[in-house]
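# Dropping the sequence and predicted coords here.
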Amino acid sequence: MRAAEAAALPLDLSINGLVMHDPAGRVLLDVADLSVRAGKSLGICGPSGAGKSTLLHALSGLRRATSGQILWGEHDVQAMTPSQSAAFRARYTGMIFQDFLLFDELSALDNAGLGAWFRPRGERAKPRSKAGAILRDLSVPQTARSVASFSGGERQRVGVARALASDALILLADEPTASLHRAAAEKLGDDLVALSRSGGATLITVSHDEALLARMDRVIRLENGKIVAGDAHV
Ligand SMILES: Nc1ncnc2c1ncn2[C@@H]1O[C@H](COP(=O)(O)OP(=O)(O)OP(=O)(O)O)[C@@H](O)[C@H]1O
């Protein structure tokens, strides 16, 4: 059993009446109802500016809505203090960012092992050995050189490895295949889905990549902050 499973129940996602405005009062998100069962995958697509990244950030508690709830199990990430929210992200979430957010001066292994260090003591698997295994699964060169010299696609795979190596129950990915050519994108999509499934994680991914979206259990389409197509219950 994974350490996280001993300490945490599966976290079903439930969004109720979520509304977010920008400082000028424009509606950025208006999601009445969305649910995802623990261990399932949800794709989010839609045009540029639809609010996809904003929703992903709200799901992790990084962005605060104007009103409404985002429940992961019994944890309402929108009702947390900043320090509770940071602790929730460290314990439960692995995030794959559009711009990777790697530490340029560190190696692939050091970057990929980082997420696990933020977990509570006692819930850390062996971060470096786990990170090394995932980097191998994702075919990332494991040299001592810093990731500053890596290609865009290699950096993207290191970002994915970091999220997977933290054994998170919730994986939130923003365009995880965007920097890759078709064959590499397909392999990373396969690996991401297979590794998140084998770890029992819930995967929520924003993407324009039709092949990646086709691998998700469900896909919703956002336009102007609202769900305009797709089944809101996975
Ligand atoms: N803090 C903010 N203040 C004002 N407007 C914001 C803020 N954050 C986001 N927006 C606006 O909200 C809208 C949604 O942005 P978001 O990045 O979520 O879109 P997206 O669907 O992820 O787009 P893309 O596919 O281009 O990444 C955009 O019009 C953006 O300019």
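That came through, no problem.

# can you tell me which residue is nearest the centre of the protein?
The residue lying closest to the centre of the chain (Cα atoms, centre = their mean) is Leu172, at 1.3 Å.

# SS state for that residue?
Here Leu172 is strand, with the state taken from DSSP: H, G, I helix; E, B strand; the rest coil.

# With adjacent residues omitted, what lies nearest to Arg182?
Among residues not flanking Arg182 along the chain, Ala211 sits closest, at 7.8 Å (Cβ to Cβ, 6 or more residues apart in numbering). Glycine gets a C-beta too; all of them are placed from N, C-alpha and C.

# ok, now Leu188?
Spatial nearest neighbour of Leu188, excluding adjacent residues (Cβ to Cβ, 6+ apart): Thr177 at 5.4 Å.

# Then Asp22?
With sequence-adjacent residues excluded and distances taken as Cβ to Cβ, 6+ apart, Asp22 is closest to Leu28, at 5.5 Å.

# For that neighbour, grab the count of nearby residues.
19 (other Cβ atoms under 10 Å).

# Identify all contacting residues around the strand or helix carrying the residue nearest to Arg182.
Assessed by DSSP states H and E, Ala211 sits inside helix 210-214. For helix 210-214, the surrounding residues in contact (Cβ atoms under 8 Å, 6 or more residues apart in numbering) are Gly43, Cys45, Pro176, Thr177, Arg182, Ala185, Glu186, Gly189, Leu192, Thr205, Ser207, Val219.

# Identify the residues contacting the residue nearest to Leu188.
Contacts of Thr177 were listed using Cβ under 8 Å, 6+ apart, and they are Gln156, Ala184, Ala185, Leu188, Gly189, Ser207, Asp209, Leu212.

# ok so, going back, would the helix holding Ala211 count as contacting the ligand?
No. On the criterion Cβ under 6 Å from any ligand atom, helix 210-214 is out of touch with the ligand, staying 13.4 Å away.

# buried stuff in the longest helix anywhere in the chain?
Secondary structure of the chain read by DSSP state H shows that its longest helix is helix 182-198. By neighbour count on 16 or more other Cβ atoms under 10 Å, the buried set for helix 182-198 is Ala184, Ala185, Glu186, Leu188, Gly189, Asp191, Leu192, Val193, Leu195, Ser196.

# of all these, which comes closest to Ser60?
Nearest to Ser60 among the buried residues of helix 182-198: Ser196, at 15.7 Å, using Cβ to Cβ.

# so what's the residue lying closest to the closest one once chain neighbours are set aside bridging to?
In space, and not counting its chain neighbours, Ser196 is closest to Leu203: 4.3 Å by Cβ to Cβ, 6+ apart. On the basis of DSSP bridges, Leu203 is bridged to Ser41, Leu171.

# can you tell me which residues contact Leu203?
Contacts of Leu203 (Cβ under 8 Å, 6+ apart): Lys40, Ser41, Leu42, Leu171, Ala173, Leu192, Val193, Ser196, Met216.

# Nearest to the ligand among those?
The ligand has its nearest neighbour among the contacts of Leu203 in Ala173, at 12.4 Å by Cβ to the nearest ligand atom.

# The closest one against Ile204, yeah?
Yes. Contact criterion Cβ atoms under 8 Å: Ala173 and Ile204 qualify, at 7.2 Å.

# Overlap in contacts, the two.
Overlap of the contact sets of Ala173 and Ile204 (by Cβ under 8 Å, 6+ apart) consists of Leu56.

# higher neighbour count, those two?
Neighbour comparison, Ala173 and Ile204: the larger count goes to Ala173, with 26 against 23 (by other Cβ under 10 Å).

# list the buried ones in the host helix or strand of Arg162?
In the assignment (DSSP H and E), Arg162 maps to helix 152-165. Neighbour counts using 16+ other Cβ under 10 Å place 153-165 of helix 152-165 among the buried residues.

# Perfect, I'm done here.
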